[in-house]
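*Asks:* pasting the sequence and the predicted model now:
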Amino acid sequence: QVQLVEGGGGSVQSGGSLRLSCAGSRFSTYAMGWFRQAPGKEREGVAAMARDGRTTYADPVKGRFTISRDFAKNTLYLQMNNLKPEDTAMYYCAAGEFIELRPELYMFWGQGTQVTVSS
């Protein structure tokens, strides 16, 4: 079992930055991903990192978001720059077997942290 706890969400204006964190256990065992879900929309993949450090990003966030992990601290990060109102959502971290942006492939989930971007 993997327990994940997100933090770092908040409210910012358009163009601002936030860094999300996800603390957990057994990070080195799994691929890790960030997902988001806006009201009335399906959960979507944002970024993912494989155990070997390879990364993948959803097109809407390429060039603005960066996923990283600190194995010593068992923490996953999502640096979000140049935030836009359409980035407003609940953000979740998750652990899974593959570096994919498909939520159904991830086995363990955190409770989420809210990100709100105002124009």
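*Replies:* Thanks, I have the structure now. Since the model is a prediction, treat every value here as computed from it, not as a measurement. Residues are numbered from 1 along each chain as shown.
*Asks:* alpha carbons only for contacts and neighbour counts from here, please
*Replies:* Will do.
*Asks:* all strands of this protein, in order?
*Replies:* For the chain, the strands defined by DSSP state E occupy 4-7, 10-13, 18-24, 31-37, 44-49, 55-57, 65-70, 75-80, 89-96, 106-109, 113-118.
*Asks:* packing partners for the third one?
*Replies:* Strand 18-24 sits against strand 4-7, strand 75-80, with contacts defined as 3 or more C-alpha pairs under 8 Å, 6 or more residues apart in numbering; DSSP states H and E.
*Asks:* out of those, which is closest to G112?
*Replies:* Closest of these to G112 is strand 4-7, at 5.9 Å (criterion: C-alpha to C-alpha).
*Asks:* name the nearest residue to the residue nearest the centre of the chain, ignoring sequence neighbours.
*Replies:* Note on the chain: the residue nearest the mean C-alpha position is W34, at 2.3 Å, using C-alpha atoms, centre = their mean. Spatial nearest neighbour of W34, chain neighbours left out: C93 (4.5 Å); criterion: C-alpha to C-alpha, 6 or more residues apart in numbering.
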